[in-house]
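**Q** Just a sequence and a predicted model for now, questions to come.
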Amino acid sequence: MKTIKRAFGAGAALALVGAFLTPSVANADLAVPKTTWPVCDDFRVDFCIESIAIRPLGTRSDLVLTWYESGEGPEVAEAVSPATMIEGPEVIEPGSSGEFSTVLDELYAEVPRSFVYTGAGEATTVDGIDATATIAVGADVEQGDGTLELFVDLNLDGEYSVDEMVASKYIAIGSQSLVGTGAQETQAGRATSGRWTHEKWVDYGLDAYGYDGLTIDLKTANLFTNHLFFTVYPVKADDDNVTTIATRTDGSALAANLNMDDKVTVKVRTGEILTGVSIAVANSMSFLAEKPETIEAEEEGAEPEIVNGTLTISGTPVPVPQIRSITQCVGEESTATAVVNTMQGFVLVENDDMGFGVDGLSGRMVVGSNGASCGISTPVWDDATESLTWQAGAPHFEPGGEVTNKGFYKAIIPANDALLLWGLENPKSAVTALTIQVTEEAGGPAVAASKIAYLHGNIIIDVTGFEFSKPKIKISKKPGAKFATKRTITCTDPNTKERIVLTDSYGCPTAEVAAYKQTKMKQHTQYNLNSAQKAQIVRSLDRYIEANKFICTGIWLEGATLKQKIDARRNAKQACDYAKSLDPTLSYWYQTKSTKAPSYKNSVLITMKAQY
């Protein structure tokens with residue numbers, strides 16, 4: 001049996017996912033800082049945090065945050081956040097109800113108001129100056145949501161129009177491990193060196209969960225390894241902008257909840273690190289690595305330029321059951337201390353002598369789960385049964401000891417990895433050729449919804465709804481399905497470019513997938529795409545099956561007329577529309593840009609990206 005990458009577990013508190021990694025000696029040729037990485041500046045140009053951005057779900061673009069040292073902060077005008085105008089819970093558990101009231105400025109003290117609710121459960125409302133709403137959810141509702149809107153009769157005409165809605169509140173319905181615990185009161189925890197925030201943090205309602213910015217604690221998982229572990233933390237700032245970790249007020253010392261509706265994107269400079277398998281304690285997390293490069297000098301005798309690598313991490317927080325003692329991970333009677341909305345991850349370093357596993361795999365496998373407090377593992381490969389096994393762990397019960405913790409597990413397996421592991425030559429047949437088995441800690445089958453899909457050059461394994469404490473997920477060949485036969489084959493090593501002979505192998509390893517590819521289309525000479533341009537688009541899609549983003553940029557020459565700019569936009573749209581008609585599964589975007597190069601006039605630049 002081979003471990004594709006090391007399993008790891010967690011102990012008490014929030015940042016324990018990387019606490020029990022098995023120590024081993026790191027590669028002497030690769031030195032990675034063992035303490036928390038600082039913010040990049042003119043002096044610290046590597047192994048540092050370059051940027052953090054946030055995008056509340058439903059908004060159109062990322063909000064790029066600015067770093068402020070503790071004691072400093074943006075100039076913020078006094079403002080009332082709409083998030084504070086409705087008082088009441090963010091989460092309602094099945095079989096219970098939530099009470100809501102208004103918190104408005106004295107200006108509206110004598111103005112009637114009204115609540116309107118849309119969503120799961122039943123609402124009882126009382127209109128008037130002391131308006132209230134009660135939302136009751138039946139015990140048979142497993143999961144749902146709703147929106148509570150507050151209207152104020154500003155013109156005192158006895159009616160509530162659309163223009164008189166002053167606030168709305170999203171309400172999640174379900175158990176803690178499914179939907180989190182919502183916004184809660186926060187207090188100052190341990191000191192931080194600063195925060196990433198924005199001058200309109202309050203204006204945009206980003207303070208709804210009781211924190212004033214973010215920070216990321218990224219460093220090696222322990223002092224004996226080069227593999228990386230990170231946690232995104234909420235930060236509070238007092239009146240003097242002194243910053244601390246925002247924590248709960250229940251005495252647990254756990255970090256406060258992050259808003260599950262905020263997508264967080266972090267870009268770090270990783271020096272000479274080559275990243276491999278990544279583990280996400282988050283939803284929809286993607287890892288985009290840019291490899292370090294050596295650019296040869298143009299002048300004879302000059303030193304080559306080394307462009308160090310970067311890693312961009314993006315995802316949304318998930319509710320994770322927390323523990324204070326590893327004893328809370330034993331048996332089916334174990335109970336979590338709390339459930340905290342958090343975002344964490346672990347990145348394995350490839351160019352390190354601690355790596356081991358099945359030869360030829362790409363290192364681009366990503367796994368994710370909310371079961372981290374009692375141990376989450378990367379895949380373990382069994383040669384004899386040709387099966388991959390994962391494990392995720394958390395206490396069996398939510399706080400209170402009555403409702404079971406529910407979990408999810410997701411894996412993204414590159415298609416060529418599936419060829420090398422199982423002999424799956426046609427990855428599109430994965431849905432019928434592979435089978436998923438979920439077993440409970442005691443060994444019996446677990447109740448879970450599982451599916452296998454193929455998308456953008458990857459096999460997607462998605463398992464949801466199982467109960468903790470330590471379920472195992474196993475994927476193996478389905479009897480009777482079509483697979484390749486192992487044989488002796490001659491391949492080209494993707495790294496050395498030398499010819500190698502592999503025995504007892506299903507296929508050849510492939511080179512690392514490019515983060516993006518660009519193609520300059522033939523110049524437009526008419527109003528519609530011609531056959532040559534369509535052929536270019538077809539080739540682009542066929543040769544980059546791993547891509548999930550397709551961007552068309554119409555180019556116009558500086559000094560162009562308005563008509564020429566409109567033509568450039570039309571050309572870009574036509575290219576994207578045609579590509580979308582061939583493969584609607586990609587994300588498409590078209591735009592225009594100017595150039596000084598006449599050779600690009602009337603052309604479209606196609607950029608395809610592989611970001612997960």
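**A** Looks like it arrived, so ask away. Numbering: from 1, shown residues only.
**Q** State the helix or strand in which the residue lying farthest from the centre of the chain lies.
**A** Ranked by distance from the centre of the chain (C-alpha atoms, centre = their mean), the top residue is residue 157, with 47.2 Å. Under the criterion of DSSP states H and E, residue 157 resides outside all helices and strands.
**Q** Quick check: which ranges of the stretch 501-612 of the chain have low pLDDT?
**A** 512, 611-612 (pLDDT under 70).
**Q** What is the longest helix belonging to the chain packed up against?
**A** Longest helix in the chain, counting residues (DSSP state H): helix 562-582. Here helix 562-582 touches helix 531-542, strand 549-557, strand 587-595, strand 604-609, going by 3 or more C-beta pairs under 8 Å, 6 or more residues apart in numbering; DSSP states H and E. No exception for glycine: its C-beta is placed from N, CA and C like everyone else's.
**Q** Check which residues of the longest one are buried.
**A** This means helix 531-542. Across helix 531-542, burial judged by 16 or more other C-beta atoms under 10 Å covers 533, 534, 536, 537, 540, 541.
**Q** Quick check: the fourth one touching residue 579?
**A** Yes - applying C-beta atoms under 8 Å as the test, residue 537 and residue 579 come out as touching, 5.1 Å apart.
**Q** Name the residues contacting each of these two.
**A** Counting by C-beta atoms under 8 Å, 6 or more residues apart in numbering, the contacts common to residue 537 and residue 579 are residue 606.
**Q** pretty sure residue 418 is in a strand, no?
**A** No - judged by DSSP: H, G, I helix; E, B strand; the rest coil, residue 418 forms no part of a strand; its state is helix.
**Q** wait, what's in contact with residue 230?
**A** 216, 217, 218, 219, 266, 313, 344, 345, 346, 347.
**Q** Leaving out the residues flanking it, which one is nearest to the third one?
**A** In space, residue 218 comes closest to residue 230 once its chain neighbours are excluded; the distance is 3.9 Å by C-beta to C-beta, 6 or more residues apart in numbering.
**Q** Which strand residues bridge that neighbour?
**A** residue 218, residue 345 (DSSP bridges).
**Q** what pLDDT does it get?
**A** Turning to residue 230, the model gives it a pLDDT of 94.
**Q** go on, residue 280?
**A** At residue 280, pLDDT is 89.
**Q** repeat for residue 301
**A** The score at residue 301 is 68. That number is its pLDDT.
**Q** Same check on residue 492?
**A** At residue 492, the pLDDT value in this model is 87.
**Q** who touches it in this structure?
**A** So residue 492 contacts 498, 499, 500, 508 (C-beta under 8 Å, 6+ apart).
**Q** With residue 75 instead?
**A** Counting by C-beta under 8 Å, 6+ apart, residue 75 makes contact with residue 199.
**Q** what's the helix or strand for it?
**A** Short version: residue 75 belongs to no helix or strand, going by DSSP H and E.
**Q** if I look at it, how far off is residue 199?
**A** Here residue 75 is placed at a distance of 6 Å from residue 199 (C-beta to C-beta, to the nearest Å).
**Q** between the contacts of residue 492, which is nearest residue 308?
**A** Each of the contacts of residue 492 was scored against residue 308 by C-beta to C-beta, and residue 498 proved nearest at 26.7 Å.
**Q** Contacts only, for the closest one.
**A** residue 492.
**Q** Mind doing that once more with 10 Å?
**A** Each residue near residue 498 by C-beta atoms under 10 Å, 6 or more residues apart in numbering is listed here: 491, 492.
**Q** Any buried residues in stretch 191-203, and which?
**A** Those would be 192, 194, 195, 196, 197, 198, 201, 202, for stretch 191-203 by 16+ other C-beta under 10 Å.
**Q** Residue 84: which of these is nearest?
**A** Distance to residue 84 across those (C-beta to C-beta) is lowest for residue 202, with 9.5 Å.
**Q** Let me know the helix or strand that that closest one is in.
**A** Under the criterion DSSP H and E, no helix or strand holds residue 202.
**Q** so how many other residues sit close to residue 124?
**A** A total of 12 residues lie near residue 124 under the criterion other C-beta atoms under 10 Å.
**Q** got the phi/psi numbers for the spatially closest residue to it that is not a sequence neighbour?
**A** Once flanking residues are discounted, residue 124 sits nearest to residue 134: 4.7 Å by C-beta to C-beta, 6+ apart. Here is the backbone geometry of residue 134 (degrees, to the nearest 10): phi -120, psi 120.
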